[in-house]
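Trainee: sequence-free structure coming up:
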């Protein structure tokens, strides 16, 4: 009979330990903040970088004009030492990412990098007198304009082709 009393103590100890663990997990769950919302990404002012890029780049630099305030600029950079690379990132009104990328880098390498590995389709579209080729796959979809001599322009991101097209329509290419 002495053995059965030991087994009861073992089972009781296991149940008590399990209850303490469940209680501790419940307390942690209740007091640790939960936020399922994406963090608020700050809007950036890209005017200074745009002026600098338009003075320094050997091509006409693209930036949107006339987009509604619901498009939020989130990142900007011009890298003269990296094939005169221009980058301007936005969140569209639906919270999807859209980037304008330009460079003098070898076209195929630049498109692969800027479109995150997307591949050309046979679909093209005319936007403001320019022929853009659709790229799909990879992380991003993209519109690619190869018409500028010496540079390539890519509008890419997680946004729909409708939103990528809106960005491409808003682009003004200028050189200072």
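Mentor: Here it is on my side, so go on. What you see is a predicted model; the values in this text were computed from it and never measured.

Trainee: got the end-to-end distance for stretch 65-78?
Mentor: End-to-end distance of stretch 65-78 (Cα to Cα, to the nearest Å): 18 Å.

Trainee: just the residues contacting it, thanks.
Mentor: 41-46, 49-50, 52-53, 56-57, 61, 64, 84-93, 97-99, 166-167, 170-172 (Cβ atoms under 8 Å, 6 or more residues apart in numbering). In short, each C-beta sits where N, CA and C put it, glycine included.

Trainee: in it, what counts as buried?
Mentor: 67, 71, 72, 73, 74, 76, 78 (16 or more other Cβ atoms under 10 Å).

Trainee: tell me how far the last one lies from residue 123.
Mentor: In this structure, residue 78 and residue 123 are separated by 30 Å, where distance is defined by Cβ to Cβ, to the nearest Å.

Trainee: any buried residues in the host helix or strand of residue 126, and which?
Mentor: According to DSSP states H and E, residue 126 maps onto strand 119-127. If you call a residue buried by 16+ other Cβ under 10 Å, then strand 119-127 has these buried ones: 120, 127.

Trainee: neighbouring strands for it, and are they parallel or not?
Mentor: Strand partners for strand 119-127, identified by DSSP bridges, are recorded as strand 130-136 (antiparallel).
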